[in-house]
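Chemist: Below: sequence and its predicted model.
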Amino acid sequence: MKKINPLIRWWVTPMLPPEDIFANHNFVSQWLTHPIKRRLAKAYLNYLRRHGEVKVIGITGSVGKTTTTAILASILKRVGKTVCSAEGVDPVYNIPNTILKATPATKFLILEMSVEYIDEMDYYLWLAKPDMGIITNIAVTHTEYLKNKEGVAEEKGKIIKYLDKNATAILNMDDPVVQKLGNNTKAKIVYFGEKTDVSASNIKINNDMSTNFTLKINMNTKIVHMNALGKQFVNNALAAAAAADSLGVGIDDIIKGIELFERPRHRLTVIKSDANGIIFDDTYNSNPRAASESLDTFTEIAGTRKKIAVIGDMLELGKFEEQAHRELGKKAGSVGLSYLIGVGSAARFIVEEASKRMGNKYCFLVSNFSEALQITKPLLGKDTALFVKGSRSIHLDKLVESLN
């Protein structure tokens with residue numbers, strides 16, 4: 001581990017991991033503005049807690065954090081002033097900024113606490129220890145730094161490990177790793193998922209690419225119409241519903257909030273056109289679990305259309321890089337794709353596995369989105385369905401924009 005000068009360590013705040021301290025960001029922001037902001041945010045939140053009624057809700061997990069944040073904010077703003085993390089901003093900087101947006105009237109402060117490096121969660125908890133911690137799921141993500149799935153669980157699990165006994169942990173019962181993390185908290189535990197008091201049934205994808213499901217909270221059941229596509233969004237809604245219910249929000253407000261939430265961009269967004277058929281834009285980011293779930297949804301919706309997939313690298317997987325890409329390639333090769341275009345260096349493993357099932361002439365490997373666009377565009381027509389997925393830095397969102 002890189003030895004850090006004690007004065008630098010004190011200045012940037014004592015809990016920040018070395019990878020964040022020496023990250024390549026704007027010099028003034030990194031070394032002046034944000035060290036000051038962090039201390040201001042910590043002190044300000046302490047003030048709000050002493051003089052107001054703010055509840056701090058921390059959300060982490062491998063998949064679905066941002067969507068869960070958006071759904072929960074949509075629900076809670078119906079019953080009180082709510083401030084939540086902005087989308088797509090590094091939490092190291094986003095959390096202090098979000099805290100400073102709160103006012104003495106703020107009732108709910110929702111902080112997305114995604115982790116990339118070891119001990120990053122310690123920094124978040126130093127800034128803002130939650131009254132409620134939510135873990136959506138645990139999967140192989142950021143294993144270049146967190147080593148393995150167990151390392152992911154250990155780091156993300158800190159969000160509930162250090163909760164006070166009068167706090168609440170919201171956990172996914174359907175994820176065995178998350179369920180096990182419940183053994184390491186003093187807080188009250190509320191589970192969501194199958195065979196819990198907060199569950200979903202009768203999940204149905206509609207022709208307009210929305211999703212209906214029956215929501216059960218305790219003994220109450222009601223039908224929900226959600227403007228999002230697929231089962232993974234239902235799981236996010238359950239996490240938000242369990243949190244809201246624990247905070248005393250009624251089921252009618254919970255349902256209204258779910259139905260009115262605005263899905264973040266580039267998350268299984270469906271674009272229809274006469275020239276290019278249906279495009280499934282899931283380019284916000286990618287990891288093995290998210291890519292597999294999205295591909296399942298795409299396959300279900302695409303039906304008998306000619307199916308084409310553009311799949312980019314999944315980054316920061318470390319020693320799991322080849323295995324994860326090969327597994328995704330095997331799946332992609334078995335879902336009835338007519339063509340597959342892999343984008344990036346690790347995507348060669350996807351292409352190698354898929355070509356064993358699809359044939360070499362139907363699988364392509366390119367280095368960037370521009371090359372992928374040249375191959376993809378002539379393949380599209382009114383009866384095609386295109387799936388686009390990759391880590392954010394692969395820039396496949398630009399491919400979608402070029403086609404749209």
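Modeler: It's in.

Chemist: how near is the residue most central in space within the chain to residue 192?
Modeler: Here the mean C-alpha position of the chain is nearest to the C-alpha of residue 64 (C-alpha atoms, centre = their mean), at a distance of 3.3 Å. Using C-beta to C-beta, to the nearest Å, residue 64 is found at 12 Å from residue 192. No exception for glycine: its C-beta is placed from N, CA and C like everyone else's.

Chemist: in the stretch 101-250 of the chain, which ranges drop under the pLDDT threshold?
Modeler: Scanning the stretch 101-250 of the chain for pLDDT under 70 picks out nothing.

Chemist: can you map out the helices along it?
Modeler: For the stretch 101-250 of the chain, applying DSSP state H, counting those that start in this stretch gives helices covering 120-127, 143-146, 149-161, 176-181, 231-246.

Chemist: Report the separation between residue 369 and residue 54.
Modeler: 42 Å.

Chemist: I meant residue 66, not that one.
Modeler: Going from residue 66 to residue 54 by C-beta to C-beta gives 21 Å.

Chemist: what do residue 64 and residue 192 both touch?
Modeler: Residues touching both residue 64 and residue 192 by C-beta atoms under 8 Å, 6 or more residues apart in numbering: residue 239.

Chemist: Buried residues, stretch 187-197. List them.
Modeler: For stretch 187-197, burial by neighbour count (16 or more other C-beta atoms under 10 Å) applies to 187, 189-193, 196.

Chemist: Mind picking the one among those that's closest to residue 318?
Modeler: Checking the buried residues of stretch 187-197 against residue 318 by C-beta to C-beta gives residue 193 as the nearest, at 28.9 Å.

Chemist: quick one, what contacts that closest one?
Modeler: 172-175, 199, 235, 238.

Chemist: taking these one by one, which sit in strands?
Modeler: Among the contacts of residue 193, the members found in strands (DSSP state E) are 172, 199.

Chemist: can you put the contacts of residue 193 in JSON lines and add neighbour count?
Modeler: Converted to JSON lines, the contacts of residue 193 look like this (neighbours: other C-beta atoms under 10 Å):
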{"residue": "172", "neighbour count": "25"}
{"residue": "173", "neighbour count": "21"}
{"residue": "174", "neighbour count": "17"}
{"residue": "175", "neighbour count": "20"}
{"residue": "199", "neighbour count": "22"}
{"residue": "235", "neighbour count": "24"}
{"residue": "238", "neighbour count": "30"}
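
Chemist: got a markdown table for the contacts of residue 193, with distance to residue 24 too?
Modeler: Compiled in a markdown table, the contacts of residue 193 are given as follows (distance: C-beta to C-beta, whole Å):
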| residue | distance to residue 24 |
| --- | --- |
| 172 | 35 |
| 173 | 40 |
| 174 | 38 |
| 175 | 34 |
| 199 | 44 |
| 235 | 35 |
| 238 | 38 |
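
Chemist: Could you work out the most separated pair of the contacts of residue 193?
Modeler: Greatest spatial distance in the contacts of residue 193: 175 and 199, 14.0 Å, computed using C-beta to C-beta.

Chemist: on that earlier part again, packed most tightly, which of the helices of the stretch 101-250 of the chain would that be?
Modeler: helix 231-246 (a mean of 26; mean count of other C-beta atoms under 10 Å).

Chemist: Give me the contact list for the helix or strand following that one.
Modeler: On the C-terminal side of helix 231-246, the nearest following helix or strand under DSSP states H and E is helix 251-260. Identification of contacts with helix 251-260 by C-beta under 8 Å, 6+ apart yields 71-72, 74-79, 215, 217, 220, 222, 224-227, 237, 240-241, 244-245.
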